[in-house]
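Novice: Mind folding the following:
(2 chains)
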Amino acid sequence: MKKNKTNLIIIAFSILSMIFMIHIGSIIGGKLKVDFTEENLFTLSDGSKAILKQLTSPLKATLYYSKTAANKGSEGIKTFNLYSEYINSLLKEYAANSRNNLKLEFVDPRPDTKEEEAAVAAGLKRFNLTESETYIFGLVIENESGNKKIIEFFDPAGQENIEYNITKLIYSINNPRKKTIGVLSSLPVLQEDVSPYMMQMMQMQGRKVERSWIFTQLLKEFFTLKKINTEVESIEAVDALLIIHPKGFSEKTLWAIDQYVMDGGSVLALVDPNAITDTTSPANPMQGPKASSSDLNRISRQWGVELIDNQYAGDKYLTGKGRFSANSAPARILPLLNCNQKCTSVHKDAISSQLSNLMLIYPGAFKKVDFIKDVSITPILTTTDKGNTYTAEGYEFSNPAALWEKFSEGTKPLVLGYKIIGKFKSAYPTGITVDVDNKDKKSNVKTKTLTGLTASTKEAAIIMFSDVDFIHDQFAFKQNMFGTSISNNNSTLVMNALESLAGSKNLMSVRSKGKLNRSFDVIDKIEFEADQRTKNKVTLISGRIQKFQKELNMLGRAANENNIALIQNESIRKKKQLNRAIAKLKSELREAKREGRESIEIIGKRLQYINTLLIPMILVFIGFGIYRRRQKLINKQS
Amino acid sequence: MISHSVKVIFKKELKNYFSSPLGYVFLTIFIFAIGYVTFEPGRGSFFQMRQSDLSAFFKYVPWLFIILVPAVSMKLWAEEKKSGTIELLLTLPVTVTEAVLGKFLAAWAFLAIALICTFPLVLTVAYLGNPDLGVIFIGYIASFLLAGSFLAIGNFFSALTKNQVVSFILSVVFCYLFFMAGSPPTLEFLSSFSPKYVVNLFESLSVLDHFSSMSAGLIALGDLWFYAVLITGWVFGSIVLLTDKKQA
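Specialist: Reported below is the predicted structural model:
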């Protein structure tokens, strides 16, 4: 009895010490981690570490997460628990690398408490889950002087950029001065800020209210934006120049850009052979893309690069799926280029290397011009080596099948983005002649010659991408239950480029922990081939119908009073013939679709059988073999 | 480092699993069940998700282990007790610690073989796409440690009782409790009457949390420590119980 009691005490003591040791171990040992993920999801990049090292005064980071509320909420909300743990472990990494300059606090704000009040006062988003439960999931970073920067809500969809977002917060609170970006565009990307009241008033007066693109609104969080007029003689007092769709710029403006570069300026240029978001062009499809094509080649040739005129970059291994019109079935669309790590990671450039989800629309392709000494021209975004250019004209813009007909695979990657660094020669060595605005009308001089630098005085940096539409609201952002959010890496790519050009190289190298594409390549290939087969059938059906229409029209034209009955009969016969042919083709189309679907299902089933039955069957055979052997041995012995 | 007696017991026990139908039945059930639930029809299905990772597999491993590991462990000592062979074993020139370690390690190795037998899943994801093999490897390590923890719990209850069914039920209950310690409903229930540090304490005991973090590809020293303490603690408990039995 006494012994039992002693044992019980030993076991109870062991259990208590075990619990205590686990708890202490999880507190101490939780800090030492090894990250085995390929994307280093749990490890800070060198840029973040460098920024943390620069901290000279203490910062306090408070992560607000309504864990209790989430536990009471729906399954959807509970999944945020995992994400909050990820943020939690990432923040601990920040603190561990901050030389004790970053203090962490984790708060579970309950409704109607001081904590909740503080979170809301700081600007974090609060959602009502039920009548009594509210939900907050955001971060506040505060410095000694009480300045605060926040992430108002952690959306799991933004996990790819989470490290950048947190580092940016730390960087911006430590470096309050924003860099100035000059924005020069033929599109209304940047508009005057209008208050909601004024906007309402203008709408009531029937005036059109132009809003800035969401992308430029996003840029304002990071930079001071300065709108540059499209008629400008010089560009000054900007840290970098963002040129979006340089269409119809005057010689004077091109000269100003040229001179800005000669003076060591940094330029990010988004050019496009067909900016579909350019609604300023006349809506005449027959006019083709010329009307909405960028034109910077005049000066970019001096940088060693030019946009191939009137040609688009395509790659069947990167095409995106979508509907070309509301009534059409989803299909692979050649003008939609979904760039993944195949387009970026090979270049190992901090601007693009970790991005794996870019969507370009009718992008163009660059080609190098002549070799320019002392200028480094590096591709940072390309298609796969199967990419090729294609042209599109007139009705083809609204007919994706026609574009596929024209497209053939290429043999080397097409360049969609270049980084150019070096010293250049001016595109205007003798200057330009411009009209003089004679206000007093006394002088007879109508023109003047502007002269400037004929060659770079300092090294300049230029980044060019061959698409404009990809940063438009429609293609870079999406609306969800929590408001507007980034829908892919498009905006990140441009932000990376601007950060790189405007300074803060450390922050630039942090951005985007791009999620690697781990889709089933084998299945994607089967789907693609099935799509191609069905597309061919659809083309065949359309062709038959068109041929029939032609024949009908010819018959109609040949009709007169004498042969009308005969022609009607002939029409009916032809129609029946066509219906039979179409029915046969449609059945073949269904067959092709079914084949595609079934071959995927067959792969799924085969893999399921291999994974559920193969090893068990082998084990049964082995077991049975051993049993037989033992029986034989027993029989022998007996 | 490992004594000769432990090695002898380990080899004998491991061989026993494959000389009786029980080992094959267990392996067959485990591999069939894990394959089935991984491919189960529905939105969570591995094939429907179209992602070359084994998250669908690792999601179900703990749930299967809650049932199957106690099924392996229940006979470790309870059967010896019931058939009376434990007296014989304990009179042999081996210490209780050696006997417990030998049996425990053999059972753990058997569970490792069960996990290794799921290798076609790794080949499947490698065939279908471009998986992160580092994360998969760590997921397997996490599953192995989880199996060890549940086995240590089962080993303790097997040493406690001579009834295999009682041992099985108690093991399942305790494995489930440790697994669910950090789950939202448990924490919510606890937070309704306990102070925050008790809730935190409970949370740190959660097998689920440590398993999830490891199967995501991150090994923290705290996780390894957790499994080491859990396994050592329960194995130590069985040694105490059996030493008492031997002395009695």
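Novice: Tell me the gap between stretch A:136-148 and the middle of its chain.
Specialist: With CA atoms, centre = their mean, to the nearest Å as the basis, stretch A:136-148 stands 29 Å off its chain's centre.
Novice: what's the answer for stretch A:606-619, then?
Specialist: Using CA atoms, centre = their mean, the offset of stretch A:606-619 from its chain centre is 40 Å.
Novice: Using neighbour counts, pick out the buried residues of it.
Specialist: A:607-608, A:611-613, A:615-616, A:619 (16 or more other CB atoms under 10 Å in any protein chain shown). C-beta: built from backbone N, CA, C; applies to glycine.
Novice: what would those look like in JSON lines with pLDDT?
Specialist: Below are the buried residues of stretch A:606-619 laid out as JSON lines (pLDDT from 0 to 100):
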{"residue": "A:607", "pLDDT": "87"}
{"residue": "A:608", "pLDDT": "86"}
{"residue": "A:611", "pLDDT": "88"}
{"residue": "A:612", "pLDDT": "88"}
{"residue": "A:613", "pLDDT": "90"}
{"residue": "A:615", "pLDDT": "89"}
{"residue": "A:616", "pLDDT": "90"}
{"residue": "A:619", "pLDDT": "88"}
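Novice: and the residue sitting nearest the centre point of chain B, helix, strand or coil?
Specialist: For chain B, the residue nearest the mean C-alpha position is residue B:147 (1.9 Å; CA atoms, centre = their mean). Secondary structure, DSSP: H, G, I helix; E, B strand; the rest coil: residue B:147 is helix.
Novice: Was I right to think residue A:490 contacts residue A:359?
Specialist: Yes - Residue A:490 is within contact range of residue A:359, at 6.2 Å (criterion: CB atoms under 8 Å).
Novice: Which one's more surrounded, the two?
Specialist: Taking neighbours as other CB atoms under 10 Å in any protein chain shown, residue A:490 and residue A:359 compare with residue A:490 leading, 26 against 21.
Novice: Show me the residue at the heart of chain A, geometrically.
Specialist: residue A:489 (2.4 Å).
Novice: and the helix or strand hosting residue B:244, what's its mean pLDDT?
Specialist: Assigned by DSSP states H and E, residue B:244 belongs to helix B:221-247. Helix B:221-247 carries an average pLDDT of 87.
Novice: Please apply the same query to stretch A:34-52.
Specialist: 83.
Novice: Over to stretch A:151-170?
Specialist: 82.
Novice: ok, now stretch B:16-33?
Specialist: For stretch B:16-33, the mean confidence score works out to 88.
Novice: quick one: contacts of that stretch?
Specialist: Residues from elsewhere that reach stretch B:16-33 (CB atoms under 8 Å, 6 or more residues apart in numbering or on different chains): A:612-613, A:615-616, A:619-620, A:622-623, A:626-627, A:630, B:64, B:68, B:71-72, B:75, B:106, B:110, B:113-114, B:117-118.
Novice: picking up where we left off before, the residue nearest to the residue nearest to the centre of chain B when sequence neighbours are not counted: helix or strand, and which one exactly?
Specialist: Distances taken as CB to CB, 6 or more residues apart in numbering or on different chains place residue B:111 nearest to residue B:147, at 4.2 Å, with adjacent residues excluded. Residue B:111 is part of helix B:96-116 when elements are defined by DSSP H and E.
Novice: Who are the packing partners of that helix?
Specialist: helix B:4-19, helix B:21-38, helix B:55-83, helix B:85-91, helix B:133-160, helix B:221-247 (3 or more CB pairs under 8 Å, 6 or more residues apart in numbering or on different chains; DSSP states H and E).
Novice: Let me have the ones you listed in a markdown table, extended by distance to residue A:402.
Specialist: Listed next are the helices and strands packed on helix B:96-116 as a markdown table, based on distance: least, CB to CB, whole Å:
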| stretch | distance to residue A:402 |
| --- | --- |
| helix B:4-19 | 65 |
| helix B:21-38 | 44 |
| helix B:55-83 | 41 |
| helix B:85-91 | 82 |
| helix B:133-160 | 43 |
| helix B:221-247 | 57 |
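Novice: nearest to residue A:454, of the ones you listed?
Specialist: Residue A:454 lies closest, by CB to CB, to one member of those: helix B:133-160, at 54.7 Å.
Novice: Okay, buried residues for that closest one please.
Specialist: Under 16+ other CB under 10 Å, the buried positions of helix B:133-160 are B:135-136, B:138-143, B:145-160.
Novice: Please work out which residue of the stretch 201-350 of chain A is closest to chain B.
Specialist: residue A:341 (9.4 Å; CB to the nearest CB).
Novice: Next, count neighbours for that residue.
Specialist: Neighbours around residue A:341, by other CB under 10 Å: 18.
Novice: And the closest residue in space to it that isn't next to it in sequence, how close does it get to residue A:493?
Specialist: Closest residue in space to residue A:341, ignoring its immediate chain neighbours: residue A:356 at 4.3 Å, by CB to CB, 6+ apart. Residue A:356 sits 11 Å away from residue A:493, going by CB to CB, to the nearest Å.
Novice: among the contacts of stretch B:16-33, which ones are buried?
Specialist: By 16+ other CB under 10 Å, these give A:612-613, A:615-616, A:619-620, A:623, B:64, B:68, B:71-72, B:75, B:106, B:110, B:114, B:117-118 as buried.
Novice: coming back round to it: confirm that the residue nearest to residue A:341 sits in a strand.
Specialist: No - if the criterion is three-state DSSP, then residue A:356 is coil and not within a strand.
Novice: So it is in contact with residue A:492, correct?
Specialist: No - at 10.7 Å, residue A:356 and residue A:492 do not qualify as touching, with contact defined as CB under 8 Å.
Novice: so which helix or strand takes in residue A:547?
Specialist: Going by DSSP H and E, residue A:547 is in helix A:521-558.
Novice: no no, residue A:389
Specialist: Applying DSSP H and E, one finds residue A:389 within strand A:388-390.
Novice: ok, now residue A:367?
Specialist: Per DSSP H and E: strand A:366-368 holds residue A:367.
Novice: just checking, what packs against that strand?
Specialist: strand A:305-307, strand A:415-422.
Novice: If you count contacts, what does the very next helix or strand once past that strand end up packed against?
Specialist: Counting by DSSP H and E, the element after strand A:366-368 in chain order, helix or strand, is strand A:375-382. Here strand A:375-382 touches helix A:341-344, strand A:415-422, going by 3+ CB pairs under 8 Å, 6+ apart.
Novice: same thing but at 6 Å, please
Specialist: strand A:415-422 (3 or more CB pairs under 6 Å, 6 or more residues apart in numbering or on different chains; DSSP states H and E).
Novice: which other residues reach the strand it packs on?
Specialist: Strand A:415-422 is contacted from outside by A:303, A:305, A:313, A:363, A:366, A:374-382, A:461-466, using CB atoms under 6 Å, 6 or more residues apart in numbering or on different chains.
Novice: any chance you could map the helices in the stretch 101-250 of chain A?
Specialist: A:114-122, A:162-174, A:196-204, A:214-222 (DSSP state H, counting those that start in this stretch).
Novice: Residue numbers of the stretch 401-550 of chain A in contact with chain B?
Specialist: Within the stretch 401-550 of chain A, the positions near chain B by CB under 6 Å from any CB of the partner chain are A:518-522.
Novice: got any ranges where chain B has weak pLDDT?
Specialist: Scanning chain B for pLDDT under 70 picks out B:1, B:41-44, B:184, B:247-248.
Novice: so who does residue 65 touch?
Specialist: Picked chain A for this. Here residue A:65 is in contact with A:84, A:137 (CB under 6 Å, 6+ apart).
Novice: my bad, chain B
Specialist: B:147, B:150.
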